[in-house]
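Trainee: Just need the structure, nothing else, for what follows:
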Amino acid sequence: MKVYLDMCVYNRPFDDQSDLRVKLETVACQIIFNRLQKGEVDLVWSFMLEFENELNPFTERKHEIALLSRLARHIVEPHRDILSRAEEIENRGIKGNDAVHLACGLFSNCHYFVTCDDRVIRRSAPQDLGLVVCSPLDFIRKEETK
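Mentor: Numbers count the residues shown, from 1 in each chain. Modelled structure (predicted):
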């Protein structure tokens, strides 16, 4: 099973843990990271994730995310099909980097696109994108019930 993790998933463990939702999502992210390390899930990393991580102003976060990126079994490089798919996604109401991330997930035939961004989940729900867009908690729930 191939999974594309949005950058907010990599950053979730560094967020303020006093919020219950953030804490629960952090635990779910840790479970996902553990499953990646065990080889139970195939991680997809992309040029867009690399770009966003390079912009991270926090050196420790940037370094930890770069370490996690090494778990990726699939690397998505820029491709014109990604750009055209991102434009289609933008026309459906999901803008900018989010559209490119989703296009990368689709281009690499991911089963899941995991994000902490409610807006991306909400806007993806009515569309048949070809992959499941969900939160870390929902991903864990869906995969544990199989």
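Trainee: roughly how far apart are the nearest residue to Asp118 once chain neighbours are set aside and Ser124?
Mentor: Nearest non-adjacent residue to Asp118, counting by Cβ to Cβ, 6 or more residues apart in numbering: Ser135, 8.0 Å away. Any C-beta I mention is one placed from the backbone N, CA and C, and that applies to glycine too. As defined by Cβ to Cβ, to the nearest Å, Ser135 lies at a distance of 11 Å from Ser124.
Trainee: Quick one: residues contacting the residue nearest to Asp118.
Mentor: By Cβ atoms under 8 Å, 6 or more residues apart in numbering, the residues touching Ser135 are Glu25, Ala28, Val114, Thr115, Cys116, Asp118, Ile121.
Trainee: Give me the buried positions along whichever strand or helix holds the first one.
Mentor: Counting by DSSP states H and E, the element that carries Glu25 is helix 20-37. Neighbour counts over helix 20-37 (16 or more other Cβ atoms under 10 Å) mark Glu25, Thr26, Val27, Ala28, Cys29, Ile31, Ile32, Phe33, Arg35, Leu36 as buried.
Trainee: any idea which of these is the one closest to Pro13?
Mentor: If you rank these by distance to Pro13 using Cβ to Cβ, Thr26 comes first, at 5.1 Å.
Trainee: That closest one reaches Ser18, doesn't it?
Mentor: No: Thr26 is beyond contact range of Ser18, at 11.4 Å (criterion: Cβ atoms under 8 Å).
Trainee: what's the next secondary structure element after the helix holding Glu25?
Mentor: Going down the chain from helix 20-37, the next helix or strand is strand 42-46, by DSSP H and E.
Trainee: quick check: angle from the helix or strand just after that following strand to strand 42-46?
Mentor: As assigned by DSSP H and E, the chain's next helix or strand after strand 42-46 is helix 47-54. Counting by axes from the mean of the first three to the mean of the last three Cα atoms, to 10 degrees, helix 47-54 lies at 70 degrees to strand 42-46.
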